[in-house]
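**Q** sequence and predicted model, in that order:
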Amino acid sequence: MSFSITDQVTWVGKIDWELRRFHGDEYSTHRGSSYNSYLIKDEKNVLIDTVWGPFAKEFVANLKKEIELDKIDFIIANHAETDHSGALPYLMKEIPDAPIYCTSSGAKILKGHYHQDWNFIEVKTGDSLDIGKNKLTFVEARMLHWPDTMFTYMSGENILFSNDAFGQHYASELMYNDLVDQAELFQEAIKYYANILTPFSPLVTKKIQEVLSMQLPLNMIAPSHGIIWRNNPTQIVEKYLQWADGYAENQITIVYDTMWNGTRSMAEAIAAGIKAQNAEVAIKLFNAAHTDKNDIITEIFKSRAVLAGSATINRGILSAISGILEMMKGLGFRNKKAAAFGTYGWSGESVAIIEKWLQEGKFEIVQPGIRELWNPDDEAVERCVAFGKSFAEKL
Ligand code: FEO
């Protein structure tokens, strides 16, 4: 499959409807994904990015239907991660001398992945390539989300090829933002931001401001995953500016794991207390052992505050909760309040352990955690309700 985006630009990527796990097993892709590769035909012919390795043969066969490979003058590797560079080894067997434009870090990573001494041309922000009627200008976007990442802007057609930025793991044959279901699109876009770009939010703001200051006319943003933004493309840029700036909706997420439902009872009583204090805040409860971890992270990203709970086991916490806490710490959320809770039988370390994780993750702990012995009785439930009320008061 391929399709024309403009008279001169053709999408030559791969829609991966089957994909359910990405980055190994780290990212769930409930709606599949796509690897977007773009072919520009001008006086010079340019290929921007490729696809993931398992689709290399299919990609090259498809590409041959669009162009004789030796007529490709330049390859641009906006990002060296294998979901975009994976077809390069197979492609470069056919056109081994084709120059590959990338950042210096990109060249190092591509060599590290494929151990090939291809004809790398290293570029920096502001470098450009005249390709005929159009010009391509490179903008380094270091750490968005890898050190090598860059954008390519095509003046003439006014398309920003943004690679991962503004992308979504979202398979759709419709391929344009104005044609797809908006709730699905923005759910996948915010999930992508929350789980992948959160650690780099200050750089996102800075880079967007830098690109906006260039005052480039923009007809489309063409990312490397998901749909192309052609209808009001700056809407996703505005969303990114919001998401990068300590984003929070009026929501509290309660995430817990439980052995015999005691910690679950605490979670529900705390939720009742929050609701009694503030009937308008959205409260969402997730058992970490039963819920997709990336979906939980997305809900935490949308929240003003988080409550994390676990029973004590082996002087520690349940493994599903430690997994989520590790992700929360690594993502580096900002401006979120938190507290801990959990049941115990004898030693009772879980609350203190969770509080330590939360502090390391830069969550603001607004009140000491609550522990309850064995299964909460009516009095314990009342204490949890009061705990929820006082937590809601502090937001
Ligand atoms: Fe879609 Fe960072 O690769």
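**A** Nice, thanks for sending it over.

**Q** need the contact list for whatever residue of the stretch 251-395 of the chain ends up closest to the ligand.
**A** Residue of the stretch 251-395 of the chain nearest the ligand, by Cβ to the nearest ligand atom: N294 (14.9 Å). From N, CA and C alone the C-beta is placed, and that goes for glycine too. Counting by Cβ atoms under 8 Å, 6 or more residues apart in numbering, N294 makes contact with 27-28, 191, 195.

**Q** of all those residues, which comes closest to the ligand?
**A** Y27 (10.1 Å).

**Q** could you look up the SS state of the residue of the stretch 251-395 of the chain closest to the ligand?
**A** helix (DSSP: H, G, I helix; E, B strand; the rest coil).

**Q** how about the chain: which residue is closest to the ligand?
**A** E81 (3.6 Å).

**Q** neighbours of that residue, how many?
**A** 21 (other Cβ atoms under 10 Å).

**Q** W374 too?
**A** W374: 12 neighbours (other Cβ under 10 Å).

**Q** name the nearest residue to I95, ignoring sequence neighbours.
**A** L69 (5.1 Å; Cβ to Cβ, 6 or more residues apart in numbering).

**Q** who's in contact with I227?
**A** 168, 170, 172, 174-177, 179-180, 185 are the contacts of I227 under Cβ under 8 Å, 6+ apart.

**Q** could you identify which of the residues you listed has the most neighbours?
**A** That'd be Q168 among the contacts of I227, by other Cβ under 10 Å, with 27 neighbours.

**Q** state the pLDDT value of that residue.
**A** pLDDT for Q168: 98.

**Q** for it, what are phi and psi?
**A** Phi and psi for Q168, reported as degrees, to the nearest 10, are phi -150, psi 140.

**Q** and the residue nearest to the spatial centre of the chain, how close does it get to T50?
**A** Centroid-nearest residue in the chain: Y192, 2.7 Å away (criterion: Cα atoms, centre = their mean). Y192 is 20 Å from T50, where distance means Cβ to Cβ, to the nearest Å.

**Q** enumerate the residues of this protein near the ligand.
**A** 79, 81, 83-84, 145-146, 164, 224-225 (Cβ under 6 Å from any ligand atom).

**Q** please pick the buried ones from those residues.
**A** Buried positions within those, assessed by neighbour count (16 or more other Cβ atoms under 10 Å), are 79, 81, 83-84, 145-146, 164, 224-225.

**Q** make a markdown table out of these and add pLDDT.
**A** Supplementary listing: these in a markdown table, determined by pLDDT from 0 to 100:
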| residue | pLDDT |
| --- | --- |
| H79 | 98 |
| E81 | 98 |
| D83 | 98 |
| H84 | 98 |
| H145 | 91 |
| W146 | 95 |
| D164 | 97 |
| S224 | 98 |
| H225 | 98 |
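
**Q** I'd like to know which of the residues you listed is nearest to V139.
**A** Set against V139, the nearest of those by Cβ to Cβ is H79 (12.7 Å).

**Q** looks like that closest one contacts P147 (just checking).
**A** No. Counting by Cβ atoms under 8 Å, H79 stays clear of P147, with 10.1 Å between them.
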